[in-house]
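Peer 1: heads up, no residue letters with this:
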């Protein structure tokens, strides 16, 4: 396969061409709103194409480490066991499935931390949520609710 | 409404049947409006003869999109009944007619008067800082105007929760259930549910909640008061949800009138509702910035899940997920900020 230009470059180019060549000749207001949404989505897809498998893998590793102090909780232990038994593939479907399992570990650990009143544990898990959201914000860029107001 | 070319004639026939005293009903202008994400919005200029005079009015048609393009599912009959109950008591755009079967206008539709106001965001953009204070007070007046309606005076079609405690518990659990029913696990929602449960505010009487109380649904009238549009998500709940919801959406569509002038807002709102300082203050509003958005969050995530399963193909369902991801930052920020406020209060 040809790996360059990258998927990120292709998607950004499509978004740029929509802006420069298509948007100026569209005068229907609903269509303009839809084009503005497409632009944001395409740029988000470019970010995902560039990083999402690595981000999901890195987040999953961090979740496993942060969940260890809560491994005595039954839900945490069970979700950790399922995750450990799942192969770590690089195809997107495999990466998404494993990321979902890691998310279940994180959710179970969060609920265990609240149930036990473990403030320090909650703080470390909160940092993982922040990191996760940091990736999400990098994907969406600046939120522009086109068509509202 | 799904067949735009046919609508002027259909609307003219509909209005002629609704008003037998009017003759020569003519739809002289008909166009699609932007601004709403969930319903079809069309604007029509209609003329007719009554007595010896020719009249003219601008109407807004608010109808259901085709089933395969529906982002959220709400009932026009419930909305119509509520609008009729609010008429004369709350500043709303008057609902003139409804086609609740869709037989006459092509889809279930409410026909409203066109607002004489200016949408809040362009109004603020045009007038700037000098109007913020007056607008903040008008916002408190608007919210209190329907938050103080006795629940018994509201249509029976709106579900009555058993108690505030039961309602709030169910609302908090909605976060967890939304996460559990999504196409993938959502730890931020599970965190939010646990956090909300650990920090419940003092109760207030249940009341009518608008459900989408944001600047895009608020029109500033010529006298400076605020008219509220789009009641499709209304329900009976904790009225402070609307205050938090307003603040939440204002993070994405500024300005946030409940930031700089929040104390002014709280004072006016407390005077009008009779709530005390423990029930309504900036910290409680921030709590509801999180809690108050779950109804919308659940619906937007359901749309995203349907797309992921291949059950819908709506660009809007994808686009709305951006709001969820932005919202997650707000919820984390708010919970962190409130933890610090609680710690400071404990230290003091």
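Peer 2: Alright, I've got the coordinates. Please read all numbers here as calculations on a predicted model, not as lab measurements. Numbers count the residues shown, from 1 in each chain, chains lettered A, B, ... in the order given.
Peer 1: what's the closest non-adjacent residue to residue B:173?
Peer 2: residue B:193 (6.9 Å; CB to CB, 6 or more residues apart in numbering or on different chains). From N, CA and C alone the C-beta is placed, and that goes for glycine too.
Peer 1: Please name the residues that touch residue 62.
Peer 2: As the question left the chain open, I've gone with chain A. Going by CB atoms under 8 Å, 6 or more residues apart in numbering or on different chains, residue A:62 touches A:128, A:131.
Peer 1: Oops, wrong one, chain B.
Peer 2: B:36, B:39, B:40, B:41, B:109, B:110, B:111, B:112, B:230.
Peer 1: List, out of the residues you listed, those positioned next to chain A.
Peer 2: By CB under 8 Å from any CB of the partner chain, no member of the contacts of residue B:62 lies near chain A.
Peer 1: can you pull the contacts of residue 95?
Peer 2: Went with chain A since none was named. Counting by CB under 8 Å, 6+ apart, residue A:95 has contacts A:52, A:53, A:56, A:57, A:89.
Peer 1: actually it's chain B I care about, not the one you picked
Peer 2: B:80, B:83, B:84, B:87, B:110, B:111, B:112.
Peer 1: which two in those are spaced the farthest apart?
Peer 2: B:87 and B:111 (14.0 Å; CB to CB).
Peer 1: ok, the two, which is more surrounded?
Peer 2: In this view residue B:87 and residue B:111 are compared by other CB atoms under 10 Å in any protein chain shown, and residue B:111 has more residues nearby, 23 against 11.
Peer 1: in what helix or strand does that one lie?
Peer 2: strand B:109-113 (DSSP states H and E).
Peer 1: cool, residue B:223 as well?
Peer 2: Residue B:223 belongs to no helix or strand, assigned by DSSP H and E.
Peer 1: what's the spacing between it and chain A?
Peer 2: Residue B:223 is 21 Å from chain A, where distance means CB to the nearest CB, to the nearest Å.
Peer 1: Now do the strands in chain B.
Peer 2: B:23-32, B:40-50, B:53-63, B:95-99, B:109-113, B:118-119, B:207-209, B:218-220, B:226-228, B:235-237 (DSSP state E).
Peer 1: Throw those strands into TSV and include distance to residue B:305 and mean pLDDT, thanks.
Peer 2: Shown next, in TSV, are the strands of chain B (distance: least, CB to CB, whole Å; pLDDT from 0 to 100):
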stretch	distance to residue B:305	mean pLDDT
strand B:23-32	28	94
strand B:40-50	23	95
strand B:53-63	25	96
strand B:95-99	31	96
strand B:109-113	28	96
strand B:118-119	31	94
strand B:207-209	25	98
strand B:218-220	30	96
strand B:226-228	30	97
strand B:235-237	22	97
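Peer 1: Just tell me which of those strands ends up closest to residue B:187.
Peer 2: strand B:235-237 (25.9 Å).
Peer 1: For the closest one, name the packing helices and strands.
Peer 2: strand B:207-209 (3 or more CB pairs under 8 Å, 6 or more residues apart in numbering or on different chains; DSSP states H and E).
Peer 1: Residue ranges in the chain under the pLDDT threshold?
Peer 2: Chain wasn't specified; assuming chain A. The model of chain A has pLDDT under 70 over residues A:148-149.
Peer 1: try again with chain B
Peer 2: Checking chain B against pLDDT under 70 turns up B:35-37, B:348.
Peer 1: is it true that residue A:11 touches residue A:42?
Peer 2: Yes: the pair residue A:11 / residue A:42 is scored as a contact, 5.3 Å apart, by CB atoms under 8 Å.
Peer 1: Which one's more surrounded, those two?
Peer 2: Neighbours per residue, other CB under 10 Å: of residue A:11 and residue A:42, the larger number sits with residue A:11, 21 against 18.
Peer 1: what's near enough to touch the more buried one?
Peer 2: A:42, A:43, A:45, A:46, A:49.
Peer 1: how about those residues in JSON lines, adding distance to chain B and secondary structure?
Peer 2: What follows is the contacts of residue A:11, written out as JSON lines (distance: CB to the nearest CB, whole Å; DSSP: H, G, I helix; E, B strand; the rest coil):
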{"residue": "A:42", "distance to chain B": "11", "secondary structure": "helix"}
{"residue": "A:43", "distance to chain B": "11", "secondary structure": "helix"}
{"residue": "A:45", "distance to chain B": "10", "secondary structure": "helix"}
{"residue": "A:46", "distance to chain B": "14", "secondary structure": "helix"}
{"residue": "A:49", "distance to chain B": "15", "secondary structure": "helix"}
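Peer 1: Among those, which one lies nearest to residue B:305?
Peer 2: Residue B:305 has its nearest neighbour among those in residue A:45, at 18.7 Å by CB to CB.
Peer 1: what's near enough to touch the closest one?
Peer 2: Residue A:45 neighbours (CB under 8 Å, 6+ apart): residue A:11.
Peer 1: mind listing what the residue nearest to residue B:210 when sequence neighbours are not counted touches?
Peer 2: Using CB to CB, 6+ apart and skipping the chain neighbours, the partner closest in space to residue B:210 is residue B:242 (5.2 Å). By CB under 8 Å, 6+ apart, the contact list for residue B:242 reads B:143, B:147, B:209, B:210, B:211, B:213, B:292.
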